Every structure is written in structure tokens, then in C-alpha cells.
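Student: Fold the stuff below for me.
(chains A and B)
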Protein chains: 2
Amino acid sequence: MAVTKGTTISLDAMGGDHAPDVVLQGVQIARSRVPDVRFLVYGDKARVEPLLARLPDVAEACTFFHTEHAVQGNDKPSQVLRQGRDTSMWLAVDAVARGEAGGVISAGNTGALMAVSKFVLRMLPGIDRPAIAAFYPTERGESVMLDLGANIECSAGNLVQFAIMGEVFARIMLGVEEPSVGLLNVGSEDLKGPEAVRGAAAILRNGDLPLRFHGFVEGNDITAGTVDVVVSDGFAGNIALKSAEGTAKLYTRFLRDAFSSSWLARLGYLLAKPALVKVKMRTDPRRYNGAMLVGLNGVTVKSHGGTDAVGFANAICVAADLISQGFNDKIKSELERVKSIDDDSAI
Amino acid sequence: MAVTKGTTISLDAMGGDHAPDVVLQGVQIARSRVPDVRFLVYGDKARVEPLLARLPDVAEACTFFHTEHAVQGNDKPSQVLRQGRDTSMWLAVDAVARGEAGGVISAGNTGALMAVSKFVLRMLPGIDRPAIAAFYPTERGESVMLDLGANIECSAGNLVQFAIMGEVFARIMLGVEEPSVGLLNVGSEDLKGPEAVRGAAAILRNGDLPLRFHGFVEGNDITAGTVDVVVSDGFAGNIALKSAEGTAKLYTRFLRDAFSSSWLARLGYLLAKPALVKVKMRTDPRRYNGAMLVGLNGVTVKSHGGTDAVGFANAICVAADLISQGFNDKIKSELERVKSIDDDSAI
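Tutor: The predicted model follows:
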């Protein structure tokens, strides 16, 4: 874990299925990993204060701000933009814009978080839309994928921007020196796939960008770890991610059935348990909780709405890491570098 | 297995990574399950005849036709349509059009098989494009998904047609009385997703069609078995399927690592092995090999190009089942029924 001294994170305490409990219990768990991080907590005092009273060590790390309203799961982003300025989500994001926090975390309504972050924090120069980026386990280690659901339809230019941001993300957060980047498609041949994907490949292939472009990858390449960064529109990316999650769940279910199918299998399970627990840990979705909205002028981390305290704690560590690594400054200077190359090549 | 007496299947012996060996070994394995099926085998005599000589029981069930040419994996469909009339694939499909075979199987170039089948067999009345449909294992049993890669971009009308065909497919092949149908999307709310998906939902929701429409489903619903039929465009569908395959492979790899990580784990594996073999069988991709191109005026089954003889044998059983169940006649009469409902509601 990087140095996190002086880092402050603002929290939307009212976002997610089990808020605010999971949020504050998440802080409690995260504290052993990021002891120096301070938290600005936005939420309803009737719900949050009793929790803080029960968790004195959490209360010590938090500054609490009462908010009257909370964004609901089915609120439309446009409605939140018009009427949501006094919600816990908005105020938590605004703490980043005001410079009081280095980053914000919410487990609430993804569309609203996107819209509010875009409005309040603004986009980085040269980026049109934010994308949701996250890590996932592969046969070779870990890779980054984006967009995981922010942008249903994307142009070739959007996909190229995602590729650049994903590459910086992998470099900084995974420590890969020259991350390889692949475009998600249904085949590896040049002529395959939707126009936007083929157009993005043409731009990435011409080599003007300082980026190691692998070419097209397919759905099975995601977990194979064929590339360090998988780039996709938010529709296919979200479906790929959730299809993988579902398959992992199916496997776990089949294994549980198998191990309880006979006395011998149960005994076998007990003997192999320490090794199997490691598999469970390696694939635990909570370990991968905490997706970043990249492309914004500030660190916004989205936690899964249904996660538990362990998962929320992981999102806190992701945010702390992004902030202390200066991710946003790095991506900004990278975008400027790409722009200057673009300008040169235009001459 | 249904009655298959009198069923004839034509085979493109030259399609796939391990052709023609896997094709003829597949026939050998399938014979115990469909002993009455006869095969018309199209391929290069220099490659096929020595195999038939070594497999006399296969030769007995086959009528062999020498073909000079074979479609290659990277041939463009348009090129095959212009110049491919003497290929093993074309002649095998044509056997269905001529009424000599009840269905055709190829493990070759998917785009070419689609194009040739569409040209030679024609579409069913009311269907604009064929879709690739297949079964997959779920937490509740088995479900059907389409399109798995034939149509990169789809209109709302295309998706509705896929929904109707998928419903009939599930009814006939899975024996589900009133199959539920879901549209693959990134959320369950009405306003989510691309225009075509929302448009298809609006048509399916109005209730004029004789079909149990569940609404939107997400990537994790696929293996959860939330619905009997998952409908998607071919881009997202293919990526979802391959992402699931990749995840299954990752899990298998992690488990193998775990079971070989210590003596105790190895012993545990041995004790649980009979139960674990069942899991392997339940999730064996070969068991699900054999996707149907639905919407054509004839049974065309696509085998995975990289499958082995066991997988190819499964594709043979799928084709035999579709033919003996009279799948194509049933789907035709179902489409007429839908059409008459459409006509009524237009009044």
C-alpha cells in the first residue's frame, strides 16, 4: 500500500443496498490497511450518528455532515442534476471539487454518480465521457477493463480515449511498465465487429499514440489475461463482467453440490479446504470491489451497491491508492503528451 | 433421445481445426446414441477415404462424396458466395436444399456457413436474419441463448424475431411448456440500454405475441437461469458466452492449482474426485457443442471449430434431435400463428 498520510476521502454514507451500515463498517475494516486516511461522511444523522456512537474508532477518523436527502436507486440522473444538490451523494462529490477531499466513494445509483461527478468535477481536457474501470483476476494475474457500464453506445474516438486512460490506469495501479491494450470484439480479423470498434482499431493501429496496441480480443481473452487492458463500450463490457460473475457463481454452486454429495467428497473437501479457501479468496468479488470513474477531474470510486463491509473497505483502499499515487495528475499529463503527439502528427 | 430412424445428416468433413479426423471420429462416437442416422459426407477423398478405411463401422453409415475445394477459416463470406459452389460446405448445405438430408453440420467458417445457408436454404417467412442459438448450463438446469455471433448489429424487429424463435427452440428442445424470455441488457429499468433493446422490449411487452416476456435480464442472469431464453444481438451475446467460457477455464485452472498445492489437497482431490468429475461433466463445453442457425428453411448446425470428436458427436445428436422433432416445421407454423395474431391486431 502506498503512503496515504494526509489523504482525505469523502463518503456518500446513504448510497447502496445496505447503507449506511456497510459504509461505516467498511471504514472500520479499512482502517487497519489505511490508518492515516481521514473521512468526510455525508448522510442522515438519524441513521449515521447511532452507528458512529457504536464505532468510536471509526468516529475518530470521520468528520460527519448531516444531509437531508439521499439519491434513490431509481432516480433519473437528469432529475438528480436538477434537484439533488442537497443529497449526500452530491455533497460528497462536491467535497472533492472544493478541495476538501482527494476523492469520493459512493455505492449508490451509478448513473446519478456519473452525472453528478461530470457536472461537479468536470471532465479532463480531451476526454468526452467518463468510463468505469476496474481490475479483475486473470490466468496471468490481474488486468484492467473499461468501460463497465457508463456509456451504452460509444464512438471510435470514445474507445480510443478509454484505451489511453486504461493504459495509464494499468501502468499506475498494476505497475505494468508497457501495458498491452486490446479492443473487445467477436473475432480477431480486421473486418469483424461494429464500425466504432473497427474505427478505434484503425486509430490505435496507426502507431501515433504511445501505446502498445495488441489488436482485437474476444470474451475468453478477458480472464485469460491476453492483454493488460481490455477496452469496450459500456454495454458489452458490463455484460461481459456480469456474465463472468454469474459463471463464477455457477461454478461455486456446482462445487458446493459436489462436495456435499457423499461422505467421501465431504472428507475430501475438509482435506483440501485450506487450498480451496485460497481459490475463494482469489476470486472473491469483494476483493475487486471499487471501480473508478476515469476521465473526471477528480477521483470518483463506485462501490457495488450490494457489497458488504469487506467489499466497501476494498473500495476505500482503491480510492486511497488512486489519490496517494496522484492518479489524476498522471493521467492529465499523459493526455497532454498524447495531445502534443497528435498535434505534431497533424503538421 | 427422440426417434431418429430415417434421419439423414450431411457433413462438411473439411470444416474446423481438426477436420476431417474429428468429424469422422465424431460420427463413430455418436453412433451409439443415434444408431439409425445416416450421413452424407462431403470432403477431400485424399483425406477422408483413408479415415473411412480405418473406421469400417463409420463407413457403413456414410455415403461419401469427393469435393475439390474447402472453405478456409479466413475466407470472406462474400467470396465464398461467389466462388464456393464446389466446396464441401456448400455441397453439404445443398444436400438439405435438395431434400437428400434433413440437416447439415459444419465446424467451419461461421460467417461463410451463415451466408451459404441463407443463400441456399433461404429464410423462413417473416424472418430477416438467421441467429445462432445454443443451450448452456444454469443454476436451474439449461437455458437457450441467441444470437451468439451471427448479427453484430440488430434492430428491435430482429430481436423480437429472435425472441419468437428462441421460445419455440426452448419449447421443443428443452421441453419447457411456457418458456420465459428475457432481453439481455445492463439494467432492469425501462429506460436502460440501447434503442434497439428498448424498442424490442416495448413490442414484447405489449402482449400481442403469444410469449411469456420476463423483461430485461443482466449478464449474471444468464447462468442464474432467470429465464429460459436469453435474447441478445450477436455482439453482446458472443462476448457474454465467451466471457463465461473464459471464466470457467480460469476457475478450472485455479482449482487445479489448489489441488496440487499440497499433499493434503491432493488426497482431498482423490477422495472428492468422483463428485468433481460430475462437475466437470456438467460444465464440459463439449457437452454444449452444436449451435443451431435458426430462421433458415432447414436445419443447419454449427460445431465449434476447435472441438474434439466428443464435441462433434454432440453436435450430431443436436442435429438429429432437431430433425426428428421436426423443429423447422414447428417453428414455421409458430411464425404463421404469430403473423396471424399480428394481422388481427393490425385491424
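Student: Next, count neighbours for A:S262.
Tutor: Per other C-beta atoms under 10 Å in any protein chain shown, the neighbour tally for A:S262 reads 14. Any C-beta I mention is one placed from the backbone N, CA and C, and that applies to glycine too.
Student: Likewise for A:G175?
Tutor: Counted with other C-beta under 10 Å, A:G175 comes out at 8.
Student: contacting residues around the residue nearest in space to the middle of chain A?
Tutor: Nearest to the geometric centre of chain A sits A:A291, at 0.8 Å (C-alpha atoms, centre = their mean). A:A291 makes contact with A:I132, A:A133, A:A134, A:L148, A:V301, A:K302, A:S303, according to C-beta atoms under 8 Å, 6 or more residues apart in numbering or on different chains.
Student: Ok, A:L148 next?
Tutor: Here A:L148 is in contact with A:A131, A:I132, A:A133, A:A134, A:G234, A:G237, A:N238, A:L241, A:A291 (criterion: C-beta under 8 Å, 6+ apart).
Student: Does the last one have any beta-bridge partners, and if so which?
Tutor: Assessed by DSSP bridges, A:A291 has beta-bridge partners A:K302.
Student: Need the pLDDT of it.
Tutor: pLDDT for A:A291: 93.
Student: How much space separates it from A:S78?
Tutor: 22 Å (C-beta to C-beta, to the nearest Å).
Student: rewinding a little: now render the contacts of A:A291 as CSV, adding distance to B:G225 and pLDDT.
Tutor: As requested, those are arranged in CSV below (distance: C-beta to C-beta, whole Å; pLDDT from 0 to 100):
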residue, distance to B:G225, pLDDT
A:I132, 27, 95
A:A133, 30, 95
A:A134, 26, 92
A:L148, 24, 94
A:V301, 32, 96
A:K302, 28, 95
A:S303, 27, 95
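Student: Out of those, the closest to chain B would be?
Tutor: A:L148 (9.3 Å; C-beta to the nearest C-beta).
Student: and A:A134, what helix or strand is that in?
Tutor: Under the criterion of DSSP states H and E, A:A134 resides in strand A:131-137.
Student: Figure out how far that strand is from the centre of its chain.
Tutor: Between the centre of strand A:131-137 and the centre of its host chain there is 5 Å, according to C-alpha atoms, centre = their mean, to the nearest Å.
Student: Tell me the first helix or strand C-terminal of that strand.
Tutor: Using DSSP H and E, the first helix or strand after strand A:131-137 is strand A:142-146.
Student: What segments of chain A are helices?
Tutor: Assigned by DSSP state H, chain A shows helices spanning A:21-30, A:45-54, A:56-61, A:77-83, A:88-97, A:110-121, A:156-169, A:195-205, A:219-224, A:234-259, A:263-283, A:309-324, A:327-346.
Student: Chain B contacts on the stretch 101-250 of chain A?
Tutor: For the stretch 101-250 of chain A, the residues in contact with chain B (C-beta under 8 Å from any C-beta of the partner chain) are A:137-139, A:149, A:152-153, A:184, A:186, A:189, A:191-194, A:218-224, A:232, A:234-236, A:238-250.
Student: In the stretch 201-347 of chain A, where is pLDDT below threshold?
Tutor: Residue ranges of the stretch 201-347 of chain A with pLDDT under 70: A:339-347.
Student: roughly how far apart are A:N328 and A:M123?
Tutor: Relative to A:M123, and taking C-beta to C-beta, A:N328 is found at 12 Å.
Student: With A:A115 instead?
Tutor: Distance of A:A115 to A:M123, given as C-beta to C-beta: 12 Å.
Student: These two: which is more packed in?
Tutor: A:A115 (19 against 15).
Student: give the contact list for the residue nearest to that one when sequence neighbours are not counted.
Tutor: Once flanking residues are discounted, A:A115 sits nearest to A:P77: 3.7 Å by C-beta to C-beta, 6 or more residues apart in numbering or on different chains. Going by C-beta under 8 Å, 6+ apart, A:P77 touches A:N109, A:G111, A:A112, A:M114, A:A115, A:V116.
Student: Among those, which one sits closest to B:T63?
Tutor: A:G111 (59.9 Å; C-beta to C-beta).
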